[in-house]
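Asks: Need a 3D model of the sequence below.
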Amino acid sequence: MLKTIGSPFGQSTPAAPRNNFSPRVGFAWDMGGTGKDVIRAGYGLFFDQLNMVLGFQPNVISKQNLLVLASYTNSGVGAGQLAGKVYDPASTAWLPPAPPAINTAIPAGLNSQAGLFSPSIKNPYNQQAHVGYTHAFSQNTIVSVDYSHILGLNDWRQRQLNPFEGPWDANINSYNRPGCVTGSAAAPRRLSCALQTAFGDPLLFGSIVMYESTNRSQYNETIFHFEQRGLARHFKRHIRYRTHMRSAGLLQAPSVVQVYQAQSTLTPHMVRENGGLLIRTNVTGWSSLESSVFRSEFRPRPSFRPDRRDLIT
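Replies: Numbers count the residues shown, from 1 in each chain. A predicted model of the protein is given here:
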């Protein structure tokens, strides 16, 4: 249908990719050979696992019907659609009637819904890179800094090819055809006039959803970690700063700043404090999320007893 009306999205079908290469590499380097200063780094390209439920409709529409079901029931013992049917392995005469023939023509004037994959759709993937540094001041005191970056490419999104039209669209007149005005009661959608010209029915199709791979996303995270161990105590300080951005179109919501209420947990064996600051900034075309999270943990350790070495970890 799209090819007949001259749409660029109906000129070809998606091609199966043949060059999906997913390399991964990483290393750790003990700078001085003493184990006190260690640098870690890694990179990987990962293809995402798709939830095919999202593409169920275009998958079904793009193929011939593979399965047709017909249900028959009895309203009671010896009554109903299967009342006179007795199983006979030697024949098929006892079977109920086959399902009726399928109507292969699109119903006229009913605004039938449709779905398809973009001819240029690609497999979504993400590139992940990490670098980290750890320094040991002593056997029981360490500090580390880690940075992670994830770039998502070819993320899926939906595009409506046949939306309702009105004065809000500056290009509305470009969809007109001789004797047909787009946005009118007779041709309310973008492709209505093209459908009228090609098939004689402006209401042949309503919503037409196309799945395409044009979204991008980005995630950045920096973690500062300090840890001190001992026989009598174990202290950790963990600070994380992260940003996340994803293509989201034009967002009108204002920026939001939220301070997480600090939480303290006190038990006979541990004191823990949690808190954070979240900043959500909405800009044209992107949704940005930034947060700074801190966590402190102090674990009093059992007193040393020569007869209880299992208490020392």
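
Asks: do you know how far F164 is from N176?
Replies: Note on F164: its distance to N176, by Cβ to Cβ, to the nearest Å, is 15 Å. From N, CA and C alone the C-beta is placed, and that goes for glycine too.

Asks: If we go by neighbour counts, what in the helix or strand harbouring R216 is buried?
Replies: Assessed by DSSP states H and E, R216 sits inside strand 205-229. Within strand 205-229, the residues scored as buried using 16 or more other Cβ atoms under 10 Å are 205-206, 208, 210-213, 217-219, 221, 223, 225, 228-229.

Asks: So which helix or strand of the chain has the lowest pLDDT on average?
Replies: Ranked by mean pLDDT, DSSP states H and E, the weakest helix or strand in the chain is strand 256-267, scoring a mean of 44.

Asks: how about the strands in the stretch 51-200 of the chain?
Replies: Taking DSSP state E, counting those that start in this stretch as the test, the strands found in the stretch 51-200 of the chain are 112-117, 125-136, 141-160.

Asks: Report the buried residues of the last one.
Replies: Yep, that's strand 141-160 we're talking about. Buried, per 16+ other Cβ under 10 Å, within strand 141-160: I142, S144, D146, S148, I150, L151, G152, L153, N154, D155, W156.

Asks: how much does it deviate in direction from strand 205-229?
Replies: On the basis of axes from the mean of the first three to the mean of the last three Cα atoms, to 10 degrees, strand 141-160 is oriented at 180 degrees to strand 205-229.

Asks: What residues sit buried inside stretch 123-136?
Replies: Of the residues in stretch 123-136, P124, Y125, N126, Q128, H130, G132, T134 count as buried by neighbour count, 16+ other Cβ under 10 Å.

Asks: Single out whichever of those residues has the smallest pLDDT.
Replies: By pLDDT, P124 ranks lowest within the buried residues of stretch 123-136, coming in at 90.

Asks: wait, what's in contact with that residue?
Replies: The contact partners of P124, by Cβ atoms under 8 Å, 6 or more residues apart in numbering, come to F47, D48, L50, G152, L153, N154, D155, W156, S213.

Asks: Longest helix in this structure, please.
Replies: helix 192-199 (DSSP state H).

Asks: Name the surrounding residues that touch it.
Replies: With contact meaning Cβ under 8 Å, 6+ apart, helix 192-199 is reached by 1, 4-7, 162, 175-178, 180-182, 186-187, 201-205.
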